[in-house]
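In: pasting the sequence and the predicted model now:
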Amino acid sequence: AEPSAPAEPSAPAEPSAPAATAGSAQFADGIALLEADLQPLPGGDQLQVGLQWRAEASPAGQYSRFVHVFCDGSPAGQADGPPAGEWFPSNLWRAGDVLQDEVTLSLSVPWDAGRCSVLAGLYRWSDGVRLAVTSAGHWQVQDDSIIIAGEGQGER
């Protein structure tokens with residue numbers, strides 16, 4: 001029997017996280033929003049927002065995430081910060097990286113899904129310019145932000 005040839009090295013396993021789908025929102029510089037979840041906390045004056053981001057390419061810029069809550073058309077809460085924390089800025093992401101981003105917002109009025117809306121997006125922290133939404137997926141877009149709850153929110 002002839003000796004068998006050495007096995008070819010296998011490619012690294014793909015991340016087990018979900019791949020971008022037609023329903024994901026696409027932002028400029030190769031970033032996608034895959035999922036968004038809202039959880040009002042007891043008492044109604046705080047809202048936990050979970051966002052799942054995916055790098056479709058290696059982003060060139062350092063971006064901050066924003067989550068804005070409006071109730072009856074007026075600002076009711078806001079949270080800005082690096083989408084994966086300050087220790088893993090977006091310019092270090094690699095294509096295929098999936099990042100879970102959890103933020104808790106304090107609200108100036110009690111959360112009411114019928115009166116409040118939640119918008120999320122990304123901006124360049126150096127100058128405040130928002131990343132363009134290049135594809136809304138199953139969400140609606142307003143001022144280069146994704147409406148993840150409230151008026152204009154599509155069926156999911």
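Out: Happy to help now that I have it.
In: can you tell me the closest non-neighbouring residue to Leu99?
Out: Ala84 (4.2 Å; C-beta to C-beta, 6 or more residues apart in numbering). C-betas here are computed from N, CA, C, even on glycine.
In: that neighbour: neighbouring residues, count only.
Out: 20 (other C-beta atoms under 10 Å).
In: is it true that it lies in a strand?
Out: No: applying DSSP: H, G, I helix; E, B strand; the rest coil, one finds Ala84 to be coil, outside a strand.
In: show the pLDDT at Gly152.
Out: Per-residue confidence (pLDDT) for Gly152: 45.
In: and the residue nearest to Leu99, what is it in contact with?
Out: 53, 90, 93, 99, 101 (C-beta atoms under 8 Å, 6 or more residues apart in numbering).
In: could I get those in a markdown table, plus columns for pLDDT and distance to Ala36?
Out: A markdown table is the format used below for those (pLDDT from 0 to 100; distance: C-beta to C-beta, whole Å):
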| residue | pLDDT | distance to Ala36 |
| --- | --- | --- |
| Trp53 | 96 | 10 |
| Ser90 | 93 | 18 |
| Trp93 | 95 | 19 |
| Leu99 | 94 | 13 |
| Asp101 | 94 | 10 |
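In: biggest separation within those residues, which pair?
Out: Using C-beta to C-beta, the contacts of Ala84 reach their maximum pairwise distance at Trp93 and Asp101, which is 12.2 Å.
In: these two: which is more packed in?
Out: A count of neighbours by other C-beta under 10 Å puts Trp93 above the other of Trp93 and Asp101, at 24 against 19.
In: I figured that one was touching Ala55, is that so?
Out: Yes: contact criterion C-beta atoms under 8 Å: Trp93 and Ala55 qualify, at 4.0 Å.
In: identify the contacts common to the two.
Out: 31, 99.
In: so what's the backbone phi/psi at the residue nearest to Leu99?
Out: Dihedral angles of Ala84 (phi, psi; degrees, to the nearest 10) stand at phi -120, psi 20.
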